[in-house]
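>>> Got a predicted model here, sequence first, then my questions.
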Amino acid sequence: MAYEAALAGGVGLAREAGLGWEAVAWRLPGPTTDSRLREGEEVTRYCSEVLTSQHGYLSNPGYPHYYPGDLNCSWHIRVDEGQRLRIRVHDLSVRGVRQGTAGCTDFLRVAEGRRLLSLDCGDLERPLVLTSRGPEVTVTLWGEGQPLYPHRGTLVQYTAVGCPSPSPPRDGYSVHRNATHAHFSCCVNFVFADTLKKDRLLRCVDGHGWNDSLPRQCIDVRILMEFANATVRRILEQNLVTPRPEVRPVLQRGGSMFVDTILPSIIMVVLILGNCVIVAIIMKYRKRDRPTPPSRELVDLSEPDPDSV
């Protein structure tokens, strides 16, 4: 009750001075967060943020003095592919299950897509540690009712677990990345200068670092073949790295007997047979259309015999 009275009195003073809720809340006493934060760490206090750093803290506006009771405050945390997220809830103080209700009206929810990692309300007695399966997690502080509640809200720390993804080299790209390996490749006609190879496979060691370095850029094979010494050129040939020609190659006839002799003969025979069939069909239809000559009997009947007269 004393806290609510102080809040009401502070609101009156703030209204007279033209200040808002934030100014009132920070005048009220509350627990400090210095013991929970590393030196020099910054806390994300704005809602609806997308966080992509490897490590950080987040809290609701007004922490540790109040939390908004009519605000859906959420944060989407995303790290590199192949990594996981470790979520540590250092502090949670919101309204608990009220009398006559079946569940929490105000709560902190941690979810990985549709997979629920945690759903809590009330006061947290000890830090809660959660670990995701993938690289993305959504943290939501949900409140209903009046604009402000005299509770601290929440303080959450997130840390990426696993090796961070190196940036792809210039004239190269990332082929595949998972929790244990990362595969990079150079573009066509480019290789890594230190190995003279097109591909490089990195292995994550103990979830902290990679077993090998990744150069910042790939080098053009054509430059190496023109200016490098004989040893480098021999290594490139052994690695089967052959530059693609600048112009389209001219197709040349090979020495295949089938292509040069047999195939043309087959085509000629097919054409000749086809022509013979066509000629036979034409001749058949011409014979059908030729007129039939009159019979001799009809001629004899049309001309009278002179001896019979």
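Right, received. Where do you want to start?
>>> contacts, neighbours, all on C-alpha from now
OK.
>>> can you pull the contacts of the residue nearest the centre of the chain?
Taking C-alpha atoms, centre = their mean, the centroid of the chain lies closest to residue 81, which sits 8.7 Å from it. Contact partners of residue 81, counting by C-alpha atoms under 8 Å, 6 or more residues apart in numbering, are 134, 135, 165, 177, 178, 179.
>>> from the residues you listed, which two are the most distant?
Using C-alpha to C-alpha, the contacts of residue 81 reach their maximum pairwise distance at 134 and 165, which is 14.2 Å.
>>> Just checking, which helix or strand succeeds the lowest-mean-pLDDT helix or strand in the chain along the chain?
The weakest-scoring helix or strand in the chain, judged by mean pLDDT, DSSP states H and E, is helix 21-27 (a mean of 35). Note on helix 21-27: by DSSP states H and E, the next helix or strand toward the C-terminus is strand 43-44.
>>> State the distance from residue 127 to residue 265.
For residue 127, the distance to residue 265 (C-alpha to C-alpha, to the nearest Å) stands at 86 Å.
>>> Low-confidence ranges, the stretch 51-200 of the chain, go.
Low-confidence segments of the stretch 51-200 of the chain, defined by pLDDT under 70, span residues 99-101.
>>> can you give me the helices for it?
For the stretch 51-200 of the chain, no helices turn up when DSSP state H, counting those that start in this stretch is the criterion.
>>> Which residue ranges of it form strands?
Counting by DSSP state E, counting those that start in this stretch, the segments of the stretch 51-200 of the chain that form strands are 55-59, 67-68, 72-78, 84-93, 107-112, 115-120, 128-131, 136-142, 148-149, 153-161, 172-177, 181-186, 190-191, 199-205.
>>> Dump these to TSV, plus distance to residue 214 and mean neighbour count.
Listed next are the strands of the stretch 51-200 of the chain as TSV, based on distance: least, C-alpha to C-alpha, whole Å; neighbours: other C-alpha atoms under 10 Å:
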stretch	distance to residue 214	mean neighbour count
strand 55-59	23	21
strand 67-68	46	26
strand 72-78	23	20
strand 84-93	22	21
strand 107-112	31	20
strand 115-120	35	14
strand 128-131	29	14
strand 136-142	26	22
strand 148-149	51	20
strand 153-161	20	23
strand 172-177	11	16
strand 181-186	9	20
strand 190-191	12	25
strand 199-205	8	17
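>>> Residue 288 is nearest to which of those strands?
Nearest to residue 288, of these and by C-alpha to C-alpha, is strand 172-177 at 73.6 Å.
>>> How about residues contacting the closest one?
Strand 172-177 is contacted from outside by 81, 82, 165, 168, 182, 183, 184, 185, 186, 187, 217, 218, using C-alpha under 8 Å, 6+ apart.
>>> between it and strand 199-205, how many degrees?
Angle, strand 172-177 to strand 199-205, by axes from the mean of the first three to the mean of the last three C-alpha atoms, to 10 degrees: 50 degrees.
>>> Parallel or antiparallel, which strands does strand 172-177 pair with?
strand 181-186 (antiparallel) (DSSP bridges).
>>> Export the strand it pairs with to PDB, keeping only CA atoms.
Taking Å, rounded to 0.1, in the frame of the first residue of the first chain, the C-alpha atoms of strand 181-186 are listed here in PDB:
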ATOM      1  CA  HIS A 181      31.200 -27.700 -39.400                       C
ATOM      2  CA  ALA A 182      31.200 -24.800 -41.900                       C
ATOM      3  CA  HIS A 183      31.900 -25.200 -45.600                       C
ATOM      4  CA  PHE A 184      33.100 -22.300 -47.700                       C
ATOM      5  CA  SER A 185      33.900 -22.200 -51.400                       C
ATOM      6  CA  CYS A 186      35.500 -19.800 -53.900                       C
END
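>>> quick thing: my sequence starts at 51, can you match it?
Sure, I'll start counting at 51 from here, so that last one is strand 231-236.
>>> how about the nearest residue to residue 242, chain neighbours excluded?
Using C-alpha to C-alpha, 6 or more residues apart in numbering and skipping the chain neighbours, the partner closest in space to residue 242 is residue 268 (4.9 Å).
>>> How many neighbouring residues does that neighbour have?
Using other C-alpha atoms under 10 Å, residue 268 has 24 neighbouring residues.
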